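Visitor: Just to be clear, the model below is a prediction. Sequence and coordinates:
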Amino acid sequence: MVTPDRVATVPGSRGGSMMTPDRVAMLPAVDTLPRTFLPRHRVDELLTALGAGGRRVIGPTVVDGAIVMTDLEGAAELPAGWTLRSVPGRVTMEPLPEGPGAARTFQYPVTGDGIKQTLFPSRVDALSVDTAPDGTVRVRVVGPVDAPPVAIIGARACDLAGLAVHDRVLLDGPASDPDYAARRADVLIVAVECALAGSTCFCASMGTGPEVTSGADLILNELDEGFIVRAATRAGERLVSTLHLDAADPAATARATAEVAEVRAGLGTAAIPDNARDVLLANLGHARWDEIAERCLSCANCTLVCPTCFCTGPVVQSDMDGRASSSVRTWDSCFTDGFAQVAGGNFRPRPRDRYRQWLTHKFGTWWDQFGTSGCVGCGRCIAWCPVGIDVREELTILAANSATPAVTPPGDRRPGTDDARHPAPVPFELPTAYANATVEWVRQETADTATLRLTTRDPGLLAGRPGQFVMVAVPAFAIPPISVSRFHPDGLELTIRAAGAATSFLTRLRPGASLGLRGPLGRPWPIEDAFGRDVVVVAGGIGLAPLRPVLDAIVQARDRFADVRLYIGARTPRDQLFIDEINALADRDDMIVRVTVDRAGPEWLGRVGIVTQLFRSVVGTGRDATAFICGPERMMAATTDRLGDLGVPREHMWLTLERHMDCGVGLCGHCQLGRRFVCRDGPVFSVAELGDDLRTEGL
Amino acid sequence: MSSPNRASTHVGRVHPGVWPTEIPVLDALPEGPRGRLAASVARLDLKAGVTFLREGETTDFLAIVVAGRVAVHLRVPERGPITILTLEPGDIVGWSAIVAPYRATTSVTTLEPTELAMIDAETLRGLLEADIELAAALHPLILDTVVARLAATRTQLLDLFQGREADPW
């Protein structure tokens, strides 16, 4: 698999420098490890050894007609005599056939749950917000759980590959997930090599199995009479040494090895195209997506059973008087209605958009984000899909009917991440704690939009830069991301449109009110890119708010910029923001300011028309201009087209994107746009970075 | 029908003859056609609030905005007049003067004191028919105008800033 040198990390570690020394790596070449033999009647001893010191022991057992992973009391609970038959759209539990092997305990392909729930539970406490007696809003991020050490028995090669992917996603990013880190800190894993594959399995094609090559402390091979045991880590060796096992009979070892080899032979290694990533990214407009969408129920089953899907969302529970609330973080799915929903609309309104997002992320952009495929070949998404959509079949069809030639040569399935369009990671520490802020004044800008002037002493917030945003917490409401619309030495301003319950509440706050802020987050506007150049600022609607700090920066150091032009579009005359300030800028003789509205009645004597009509002929020599753009996405696309026609280089056109953001640090998964996490890699991007993604509908 | 001198006297003063400032569109034409067209162009000064084209009525002249600002508007049932676009110096107004049945598809009203360079519709049609060089130079400019109107009308229909769905926050 992709991270052969990685078994576990401790909380807070970044990239492995703090790994526990004796669990740094599998011992080399697992197939040459000494093998011992554990007779079937002594399995309880192994479970007892695993549970020593209060360690939870989790393994497979039969519950309600299914094999599931749960706390084990003893070997008698293992699913002896049972197997699972999985085909696309169906998994059934059946007794093993009479005869040799009928009493085996791990003679089934993967369970539905695997080990994901154990280390990445579907519900964890995330946050509590309350109001202190003095009125101060307090936000408490629930600290790392007090998770007991865990031993997992029965993990398969694909499960371990999934675990390695989760480590990469949840521990190795710019931000790590403290809950996962705590649960992951002390885990013993007893893996079992598969002696049976299901029709939905394709681990050999993904390079993850059926042999266990990394991620386990002990590796078992089940035979009728017992288990061949390999200790793959120092912890595994210590465990085995307490059992005083005899060396395995070479003939038994050979039988076990042969069984796995037979599984490999049956699986084949070509279930999906070698260049799946490039096929997917070259075929975002393929007609096959519509065909799949006709079958896909958007039920989210595939994402729930997938061992690597990691997207989560908050569920807020409030007390009756709205003074205190808590958030539970639950698994979310890119197939749900609300997943890509923001104030400006739903970015993936159709099932085809959602299926395409899932598949292109799993097999494609995952490489760009994490240097690995998101698929481990376990086949759960095929077996548990109610209509039996088979990713192997869909990828093969897409590859065979590729609309555009895919670029990677066959055989190279690890594309690099050095693509020029991939934005640089955020270079600073991402804030995870909330600071306190107080409302100094509120100004109603339009019927639905207000500006809050906040004071705070938090040095991090005060060091924020134009284009950055903050997460705004008050009790009883979801926590929305809001762009900072002005920075002050002792605070900042937020201009908020009442688009939903939380933002409506925020626009109605009174002076003296308290709130919690986490930030500043995201990549700021690169103001310095415009030094010595002409500047074109284009704002549509509420998009003027995140551009206001750019205007402040220009006014403060006007002589650092050449010609400055500001074009503002509003929906109607009544929707104009910051009217006095914009008029003051228009009165200056060192910048051109043009305002237009989309729609007006006869009382409006100003300009009517879309904002791009304002610079039909005004921009001059665009080659020397830097543009800063924010507004509805269609308006930004039209603006970049027009500015491009006028010669403004794509790498000097900057825009900020709106996407669903719950975490702000690239962990919750909602804000993905192709290979990007908009919250962490953006929200400010250059048009050159975004490429076609800006115009690809439903991405 | 009518000479430039008599055209549209119901809306403002018409000044034949010498033009005091540059006329944007005319200046973009080649010298020959420009000279032949300029001979028929008159200046029309309008106060603010004058409606000089009315939706559904015959278009008497084509004009170029030289100074000021005018609003192109439609009457939408149950909503009243909706401005779809404002025009500024350099913009052409009254393209329906050369497209049968020569009836305005929108109304146009001055928003501020406005100066137009105008040419009588019938005179212009005669010139375009007789002067192929002039027609070849002027038609693309007028087509540009029609395309801009179509785009603006389409935008109003799509309503760039509307059509939002339910919000999550």
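Guide: Arrived safely, thanks for sending.
Visitor: per-domain residue ranges of chain A.
Guide: What automatic domain parsing lists as the domains of chain A is A:21-121+A:142-267, A:435-521, A:532-656.
Visitor: The ones you listed: which one's closest to B:Leu143?
Guide: Among the domains of chain A, the nearest to B:Leu143 by Cβ to Cβ is domain A:532-656 (15.7 Å). For the C-beta atoms, the positions are set from N, CA and C on the backbone; glycine is no exception.
Visitor: gap between that closest one and the chain center?
Guide: 33 Å (Cα atoms, centre = their mean, to the nearest Å).
Visitor: so how far is the first residue of that domain from its last?
Guide: The straight-line separation of the ends of domain A:532-656 (Cα to Cα, to the nearest Å) is 22 Å.
Visitor: so where's chain B uncertain?
Guide: Within chain B, the stretches with pLDDT under 70 are B:1-21, B:78, B:158-169.
Visitor: Nearest to the middle of it, which residue? Look it up for me.
Guide: The centre of chain B sits closest to B:Val93, judged by Cα atoms, centre = their mean, with a distance of 0.7 Å.
Visitor: Distance-wise, check that one relative to chain A.
Guide: Taking Cβ to the nearest Cβ, to the nearest Å as the measure, B:Val93 falls 14 Å from chain A.
Visitor: so what secondary structure elements neighbour the helix of greatest length in chain B?
Guide: Counting residues, the longest helix found in chain B (DSSP state H) is helix B:132-158. Where contact means 3 or more Cβ pairs under 8 Å, 6 or more residues apart in numbering or on different chains; DSSP states H and E, helix B:132-158 is packed against helix B:31-38, strand B:80-87, strand B:92-93, helix B:121-130.
Visitor: can I get the CA coordinates of the first one in PDB?
Guide: In other words, helix B:31-38. What follows is helix B:31-38 as a C-alpha-only set of coordinates in PDB (Å, rounded to 0.1, in the frame of the first residue of the first chain):
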ATOM      1  CA  GLU B  31     -13.300  58.300 -43.900                       C
ATOM      2  CA  GLY B  32     -15.500  58.000 -47.000                       C
ATOM      3  CA  PRO B  33     -18.600  56.400 -45.400                       C
ATOM      4  CA  ARG B  34     -18.200  58.700 -42.300                       C
ATOM      5  CA  GLY B  35     -18.300  61.800 -44.500                       C
ATOM      6  CA  ARG B  36     -21.400  60.600 -46.300                       C
ATOM      7  CA  LEU B  37     -23.200  59.700 -43.100                       C
ATOM      8  CA  ALA B  38     -22.100  62.800 -41.200                       C
END
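Visitor: That helix vs helix B:132-158, what angle?
Guide: In terms of direction (axes from the mean of the first three to the mean of the last three Cα atoms, to 10 degrees), helix B:31-38 departs from helix B:132-158 by 70 degrees.
Visitor: Would you mind listing the outside residues contacting helix B:31-38?
Guide: With Cβ atoms under 8 Å, 6 or more residues apart in numbering or on different chains as the test, helix B:31-38 has contacts from B:19, B:23, B:26-27, B:29, B:119, B:127, B:131, B:133-134, B:137-138.
Visitor: just curious, which of the residues you listed is nearest to chain A?
Guide: The shortest approach to chain A among the contacts of helix B:31-38 belongs to B:Asp27, at 13.4 Å (Cβ to the nearest Cβ).
Visitor: which one of the helices and strands packed on helix B:132-158 is the most hemmed in?
Guide: Compared across the helices and strands packed on helix B:132-158, strand B:92-93 shows the largest average neighbour count, a mean of 24 (mean count of other Cβ atoms under 10 Å in any protein chain shown).
Visitor: contacting residues around that one?
Guide: B:25, B:53, B:62-65, B:70, B:72, B:87, B:108, B:116, B:141-142, B:144-145.
Visitor: now with 6 Å?
Guide: For strand B:92-93, the external contacting residues (Cβ atoms under 6 Å, 6 or more residues apart in numbering or on different chains) are B:63-64, B:87, B:108, B:145.
Visitor: for stretch A:660-679, same thing?
Guide: If you take Cβ under 6 Å, 6+ apart as the criterion, stretch A:660-679 is touched by A:173, A:175, A:177, A:311-314, A:340-342, A:365, A:368, A:422, A:430, A:471, A:481, A:521, A:657, A:659, A:680, A:693, A:699.
Visitor: Format the domains of chain A as JSON lines; extra columns: mean neighbour count.
Guide: As requested, the domains of chain A are exported to JSON lines (neighbours: other Cβ atoms under 10 Å in any protein chain shown):
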{"stretch": "domain A:21-121+A:142-267", "mean neighbour count": "19"}
{"stretch": "domain A:435-521", "mean neighbour count": "20"}
{"stretch": "domain A:532-656", "mean neighbour count": "20"}
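Visitor: would you list those domains in a markdown table and tack on mean pLDDT and distance to chain B?
Guide: Shown next, in a markdown table, are those (pLDDT from 0 to 100; distance: least, Cβ to the nearest Cβ, whole Å):
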| stretch | mean pLDDT | distance to chain B |
| --- | --- | --- |
| domain A:21-121+A:142-267 | 91 | 22 |
| domain A:435-521 | 95 | 4 |
| domain A:532-656 | 90 | 4 |
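Visitor: Just give me the longest helix of chain A.
Guide: helix A:250-267.
Visitor: Would you mind measuring from A:Thr454 to A:Pro431?
Guide: In this structure residue A:454 is Leu, not Thr. Distance of A:Leu454 to A:Pro431, given as Cβ to Cβ, to the nearest Å: 16 Å.
Visitor: Actually, A:Gly285.
Guide: The gap separating A:Gly285 from A:Pro431 is 39 Å, by Cβ to Cβ.
Visitor: Tell me which of these two has more neighbours.
Guide: It is A:Pro431, of A:Gly285 and A:Pro431, that has more neighbours when counted by other Cβ atoms under 10 Å in any protein chain shown, with 20 against 12.
Visitor: so what pLDDT did the more buried one get?
Guide: On the pLDDT scale, A:Pro431 is placed at 74.
Visitor: Can you classify it by secondary structure?
Guide: Under DSSP: H, G, I helix; E, B strand; the rest coil, A:Pro431 falls in the coil class.
Visitor: And for A:Ser298?
Guide: Going by three-state DSSP: A:Ser298 is coil.
Visitor: List the contacts of it.
Guide: Contacts of A:Ser298 (Cβ under 6 Å, 6+ apart): A:335, A:351, A:354.
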